[in-house]
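**Student:** For reference, the sequence and a predicted model appear below.
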Amino acid sequence: MALNKAALAAVKAITKLKSGNIQDSYKQQRIAEDATSKLTVASPRCRIDDTFAKAKDGYEIPLKVFTPLDIDFSLKSGLHVSEDHKGTILYFHGGGWANGDVDFYTDSCMRTALKLERRVISVDYRRSPESKFPQAPEDCYEVARQLFAGMLIPDVDPEHIVLMGDSAGGDLTAVVSLMARDRQEFTPRTQVLLYPLTYNDHSLDTIFPSVIENGEDYLLTREDIEGYINLYLNGPEDYQNPYFAPLLAPSLANQPRTLVISAEYCPLRDEGETFAARIEADGGEAACYRMLDGVHGYFLYPSILSLVRDTYRIIQHFLDDEPLPEEEPPRWLELLGTD
């Protein structure tokens with residue numbers, strides 16, 4: 001399936017206007033994101049609280065908590081507001097480990113809390129290049145450890161905690177699950193990865209065709225990916241670390257029940273789909289859907305778009321362990337089932 005001509009032309013034009021050097025432009029992108037975050041309108045159906053988790057070095061990792069609310073009003077009893085959620089999502093935002101933050105993701109996390117009927121905790125991990133690898137995954141791991149231990153929010157049920165992230169946040173989600181298996185301090189049950197980075201090679205010699213096929217014209221370019229990685233890693237030795245590129249792990253056994261959602265025109269499409277296949281091949285439970293006509297980052301678009309609505313439907317059915325009804329015409333490809 002192809003993007004319609006008008007949409008394709010617009011995406012290509014926007015991509016051409018972008019600076020080709022992430023190491024020069026990431027600061028400008030932060031400024032733009034800060035300005036955009038100030039335009040977010042809070043929903044009365046979602047309470048937003050700020051808190052923090054203390055890292056082992058004493059740094060206070062900022063967290064933003066989005067709690068969906070049930071609002072009931074009657075003339076007899078007046079207004080009654082109560083929390084209404086099925087569990088907790090620990091969310092790691094995208095942005096190439098250098099961009100994005102909890103403020104920029106406020107609208108997306110608020111929407112996720114309401115549509116998935118779950119409390120969302122968004123993690124403002126330390127970003128590159130100010131804080132290089134492995135600071136971001138260590139921050140995310142420590143927040144997860146404290147959440148599972150009941151140290152952050154006392155009423156959290158560990159059986160109903162979902163790890164979730166998009167793009168670089170999808171990478172961090174997979175990495176936290178690997179760390180949890182290796183360190184044996186807690187056991188995540190479920191993870192959701194949206195168009196994640198999972199591999200270490202995005203050169204012209206990469207083994208994944210989508211990096212080449214989608215690496216120039218669809219907003220996130222192959223050169224962007226390499227630029228973000230250069231900002232994130234300390235040196236060549238980090239490229240071989242599974243806590244950077246989880247596909248390099250010798251085994252992906254004993255991982256959470258996993259949902260991977262890829263985008264048809266995303267350069268990271270193939271490595272995300274391969275990660276889901278590896279989870280299944282190593283004995284785990286995995287589902288994988290490719291969103292047709294999707295480009296990298298689409299999950300942040302307005303929820304009126306069918307692509308975003310469909311993604312929430314897929315996640316909702318996965319989290320609730322319910323079969324997903326077939327669509328005509330199909331708007332996604334189911335690459336792995338959960339049976």
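**Tutor:** Perfect, thanks for sending it.

**Student:** Give me the next element, helix or strand, following the helix or strand of the chain with the lowest mean pLDDT.
**Tutor:** One helix or strand of the chain scores below all others by mean pLDDT, DSSP states H and E: strand 78-83, with a mean of 62. The helix or strand immediately downstream of strand 78-83 is strand 88-92, counting by DSSP states H and E.

**Student:** Export only the CA atoms of that following strand, formatted as CSV.
**Tutor:** Taking C-alpha atoms only, strand 88-92 is exported to CSV below (Å, rounded to 0.1, in the frame of the first residue of the first chain):
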residue,chain,number,x,y,z
THR,A,88,-0.3,1.3,35.3
ILE,A,89,1.8,2.1,32.2
LEU,A,90,5.4,3.1,32.8
TYR,A,91,6.2,5.2,29.7
PHE,A,92,9.6,6.0,28.2
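
**Student:** Can you tell me the SS state at Ile48?
**Tutor:** strand (DSSP: H, G, I helix; E, B strand; the rest coil).

**Student:** Quick check: bridge partners of Asp49?
**Tutor:** Beta-bridge pairing for Asp49 (DSSP bridges): Val65.

**Student:** Tally up the residues packed near the spatially closest residue to Glu142 that is not a sequence neighbour, please.
**Tutor:** If the residues on either side of it in the chain are set aside, Glu142 comes closest to Ala55, at 5.4 Å by Cβ to Cβ, 6 or more residues apart in numbering. Any C-beta I mention is one placed from the backbone N, CA and C, and that applies to glycine too. For Ala55, the neighbour count with other Cβ atoms under 10 Å is 18.

**Student:** ok, Ala55 - contacts?
**Tutor:** Listed by Cβ atoms under 8 Å, 6 or more residues apart in numbering, the contact set of Ala55 reads 61, 138-139, 142.

**Student:** Mind picking the two most distant members of the residues you listed?
**Tutor:** Ile61 and Glu138 (10.0 Å; Cβ to Cβ).

**Student:** Break down the chain into its strands, ranges please.
**Tutor:** Here the chain has its strands, by DSSP state E, at 46-54, 60-74, 78-83, 88-92, 119-123, 161-166, 190-194, 257-263, 286-291, 332-336.

**Student:** could those strands be laid out in a markdown table, adding distance to Val11 and mean neighbour count?
**Tutor:** Formatted as a markdown table, these follow (distance: least, Cβ to Cβ, whole Å; neighbours: other Cβ atoms under 10 Å):
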| stretch | distance to Val11 | mean neighbour count |
| --- | --- | --- |
| strand 46-54 | 31 | 15 |
| strand 60-74 | 30 | 16 |
| strand 78-83 | 40 | 10 |
| strand 88-92 | 26 | 27 |
| strand 119-123 | 27 | 27 |
| strand 161-166 | 18 | 26 |
| strand 190-194 | 18 | 26 |
| strand 257-263 | 12 | 26 |
| strand 286-291 | 15 | 23 |
| strand 332-336 | 19 | 16 |
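
**Student:** Could you dump these into JSON lines and include distance to Thr36?
**Tutor:** Shown next, in JSON lines, are the strands of the chain (distance: least, Cβ to Cβ, whole Å):
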{"stretch": "strand 46-54", "distance to Thr36": "17"}
{"stretch": "strand 60-74", "distance to Thr36": "16"}
{"stretch": "strand 78-83", "distance to Thr36": "29"}
{"stretch": "strand 88-92", "distance to Thr36": "18"}
{"stretch": "strand 119-123", "distance to Thr36": "16"}
{"stretch": "strand 161-166", "distance to Thr36": "16"}
{"stretch": "strand 190-194", "distance to Thr36": "19"}
{"stretch": "strand 257-263", "distance to Thr36": "21"}
{"stretch": "strand 286-291", "distance to Thr36": "23"}
{"stretch": "strand 332-336", "distance to Thr36": "28"}
